[in-house]
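J.: Turn this into a model:
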Amino acid sequence: MKTILITGTSSGIGKATAKKFAAAGWNVIATMRAPQKEEELSAIKNIFLTKLDVQDKESIAAAIASGIEKFGSIDAVVNNAGFGVLGAFEKSTSEQVMQQFSVNVFGVMDVIRAILPHFRAKQAGLIINITSQGGRVTFPTCSLYHSTKFAIEGFSESLAYELLSQNISVKIIEPGSTESNFFGAVSMAANDNITAYQEFDKIALDNWYKNDTMTSTTTDIAEVIYEAASDNKDQLRYMAGVDTRLYFGARQNKSDQDYVNYMRKLFIPEILNKESK
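T.: Have a look, this model is predicted:
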């Protein structure tokens, strides 16, 4: 029986993924910052709940060690934990910038650094990094969030080359909009002394909500993650969600400037109309 460690399983994609793998017969090390609060996953026989905060290296090491002690080995890791800071970049504080990168980038790197000795010793292992459609396409008000997801895309692609030498695989999952309540797991850029972007932020977010008509379920995304973990394919990227295919298709099939113009008209048409007057 294979064993997988998943970060950020308290809700959303992480929780759905833990349930999917458990139902498929895997041992699951389901990690979160406050496992004592989780009731649903703790009731599933082959799920082991343990604390892991991606900003705490000691908790990362402890979760890996306790998972190996529980199940004997770890075969795969899913880096799912993350959040977003929304709003114009200038309004974000230095603390928000550091927090965004600490969780979404450095936390992923620290989990991978901690698991690699185990994988190298086995000369086997799989790392699955959950990025986003926002790791290859961008939307207004998400500049800080996108910078972290673009970073993980580049990091993962290069890391995949490196780890071939150790018979370790790296895969990337690129979810689109999901029912996981992303907007409930975000912070807004917090410098309220800067008011120049209020209209822009409202326009962009209103249009985002309006265009968010192709939402996937967390179960849909979990299915793609399971496919990546079990298909034995030498494939790096997995798109997840109808909207991901839409935006990736636009990026691929349009010229660079035509694509930019397409996204401007979709998400900030009021700003374009205002500037043309």
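
J.: contact partners of the longest helix belonging to the chain?
T.: Counting by DSSP state H, the longest helix found in the chain is helix 143-163. With contacts defined as C-beta atoms under 8 Å, 6 or more residues apart in numbering, helix 143-163 is touched by 82, 84-86, 88-89, 92, 96-97, 100-101, 104-105, 108-109, 112, 116, 127, 129, 131-132, 134-136, 138-139, 169-172, 186, 189, 236. C-beta coordinates here come from the backbone N, C-alpha and C atoms, glycine included.

J.: Next step: these restricted to strands.
T.: For these, the ones inside strands are 84-86, 127, 129, 169-172, 186, with DSSP state E as the criterion.

J.: Quick one, which of these are buried?
T.: Among these, those scoring as buried are 84-86, 127, 129, 169-172 (criterion: 16 or more other C-beta atoms under 10 Å).

J.: which pair in these spans the largest distance?
T.: Using C-beta to C-beta, these reach their maximum pairwise distance at Leu86 and Ser169, which is 32.8 Å.

J.: what packs against the helix or strand bottoming out on mean pLDDT in the chain?
T.: Lowest mean confidence among the helices and strands of the chain (mean pLDDT, DSSP states H and E): helix 269-276, at a mean of 78. With contacts taken as 3 or more C-beta pairs under 8 Å, 6 or more residues apart in numbering; DSSP states H and E, helix 269-276 sits against helix 198-211, helix 256-267.

J.: Return the angle between stretch directions for it and helix 256-267.
T.: Helix 269-276 runs at 110 degrees relative to helix 256-267, counting by axes from the mean of the first three to the mean of the last three C-alpha atoms, to 10 degrees.

J.: Check which residues of helix 269-276 are buried.
T.: Result for helix 269-276 [16+ other C-beta under 10 Å]: no buried residues.

J.: What is the distance between it and the centre of its chain?
T.: How far helix 269-276 lies from its chain's middle: 32 Å, per C-alpha atoms, centre = their mean, to the nearest Å.

J.: Run through who's touching it.
T.: For helix 269-276, the surrounding residues in contact (C-beta under 8 Å, 6+ apart) are 200, 203, 207, 264-265.

J.: Can I get the buried part of those residues as one PyMOL selection?
T.: The PyMOL selection below is limited to those of the contacts of helix 269-276 classed as buried (16+ other C-beta under 10 Å):
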select buried, resi 200+203+207
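
J.: pLDDT added to the contacts of helix 269-276, as CSV?
T.: As requested, the contacts of helix 269-276 are exported to CSV (pLDDT from 0 to 100):
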residue, pLDDT
Phe200, 93
Ile203, 95
Asn207, 93
Arg264, 96
Lys265, 95
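
J.: roughly how far apart are Tyr209 and Phe106?
T.: Plainly put, Tyr209 is 31 Å away from Phe106 if you go by C-beta to C-beta, to the nearest Å.

J.: Those two: which is more packed in?
T.: Phe106 (16 against 10; other C-beta atoms under 10 Å).

J.: which residues does that one contact?
T.: 54-55.

J.: and of the contacts of helix 269-276, the nearest to Phe48?
T.: Phe48 lies nearest to Asn207 out of the contacts of helix 269-276, by C-beta to C-beta, at 42.9 Å.

J.: Of the buried ones among the ones in strands among the contacts of helix 143-163, just say which sits nearest to Ala240.
T.: Using C-beta to C-beta, these come closest to Ala240 at Ile172, 10.3 Å.

J.: surely that closest one meets Ile127?
T.: No. Taking C-beta atoms under 8 Å as the definition, Ile172 is not a contact partner of Ile127, at 9.6 Å.

J.: Residue ranges in the chain under the pLDDT threshold?
T.: 180-185, 275-277 (pLDDT under 70).

J.: quick one on the thing from earlier: extract the CA atoms of the longest helix of the chain and return them as CSV.
T.: Extracted C-alpha coordinates of helix 143-163, given in CSV (Å, rounded to 0.1, in the frame of the first residue of the first chain):
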residue,chain,number,x,y,z
SER,A,143,0.2,40.4,-9.0
LEU,A,144,1.6,39.3,-5.7
TYR,A,145,-0.1,35.9,-5.8
HIS,A,146,0.9,35.3,-9.4
SER,A,147,4.5,36.0,-8.6
THR,A,148,4.6,33.1,-6.1
LYS,A,149,2.8,30.7,-8.5
PHE,A,150,5.0,31.6,-11.4
ALA,A,151,8.0,31.0,-9.1
ILE,A,152,6.8,27.5,-8.2
GLU,A,153,6.1,26.7,-11.9
GLY,A,154,9.7,27.6,-12.8
PHE,A,155,11.2,26.0,-9.7
SER,A,156,9.2,22.7,-10.3
GLU,A,157,10.2,22.5,-14.0
SER,A,158,13.9,22.9,-13.2
LEU,A,159,13.7,20.7,-10.2
ALA,A,160,12.2,17.9,-12.3
TYR,A,161,15.3,17.9,-14.4
GLU,A,162,17.6,17.7,-11.4
LEU,A,163,15.7,14.9,-9.7
